[in-house]
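**Q** sequence isn't available, so here's the structure alone:
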């Protein structure tokens, strides 16, 4: 069996698999709950973060090339459609991105990989905006 190179690995494998994706998502929601700077973002989520935490973990698992848990449980992600009930503007987008950047740093994701992920996350988060500023 040939040795697996970094280029042939999925993002899921590069980041560290299920445990690392779970740690990142858990830290993301911990920060959202605990840090006052994410109060607006937190308010969009309702009383419990458990469902959002589970869905983000499942989504990122498949999006990064790991098990497609979200699609197995919920069907096609249809991200924009599923987020339409929530008012998402520039502030919410920016808080989401800042919270995710902090979470990735806290769980020790390599700087180069964080930059790569943040570029992708920005494109998606910006596309999710659905209210005027």
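**A** Structure received. In this text the structure is predicted, and so the values were computed from the model without any measurement.
**Q** pLDDT wise, what is residue 21 at?
**A** Looking at residue 21, its pLDDT reads 98.
**Q** wait, it sits on residue 11?
**A** No - between residue 21 and residue 11 there is no contact under CB atoms under 8 Å: 9.7 Å. Every residue, glycine included, has its C-beta placed from N, CA and C.
**Q** those two: who's more crowded?
**A** residue 21 (23 against 16; other CB atoms under 10 Å).
**Q** if I look at the closest residue to residue 89 other than its chain neighbours, how far off is residue 19?
**A** Spatial nearest neighbour of residue 89, chain neighbours left out: residue 131 (4.6 Å); criterion: CB to CB, 6 or more residues apart in numbering. Here residue 131 is placed at a distance of 36 Å from residue 19 (CB to CB, to the nearest Å).
**Q** overlap in contacts of residue 21 and residue 11?
**A** Residues touching both residue 21 and residue 11 (CB atoms under 8 Å, 6 or more residues apart in numbering): residue 64.
**Q** quick one: least confident helix or strand in the chain?
**A** Using mean pLDDT, DSSP states H and E, helix 79-83 stands out as the lowest-scoring helix or strand of the chain, at a mean of 87.
**Q** pLDDT below threshold where in this protein?
**A** Scanning the chain with the threshold set as pLDDT under 70 gives 1-7.
**Q** what comes up buried for stretch 37-53?
**A** 38, 41, 42, 44, 49, 52, 53 (16 or more other CB atoms under 10 Å).
**Q** can you tell me what sits against that stretch?
**A** With contact meaning CB under 8 Å, 6+ apart, stretch 37-53 is reached by 25-26, 29, 31-33, 86-88, 91-92, 95-96, 98-99.
**Q** farthest pair in these?
**A** Taking CB to CB as the measure, the contacts of stretch 37-53 span a maximum distance of 25.3 Å, between 26 and 87.
**Q** so between these two, which is more surrounded?
**A** Using other CB under 10 Å as the criterion, residue 26 and residue 87 rank with residue 26 on top: 16 against 13.
**Q** what helix or strand does that one sit in?
**A** In the assignment (DSSP states H and E), residue 26 maps to helix 17-34.
**Q** got the contact list for residue 20?
**A** Residue 20 is in contact with 107, 109, counting by CB under 8 Å, 6+ apart.
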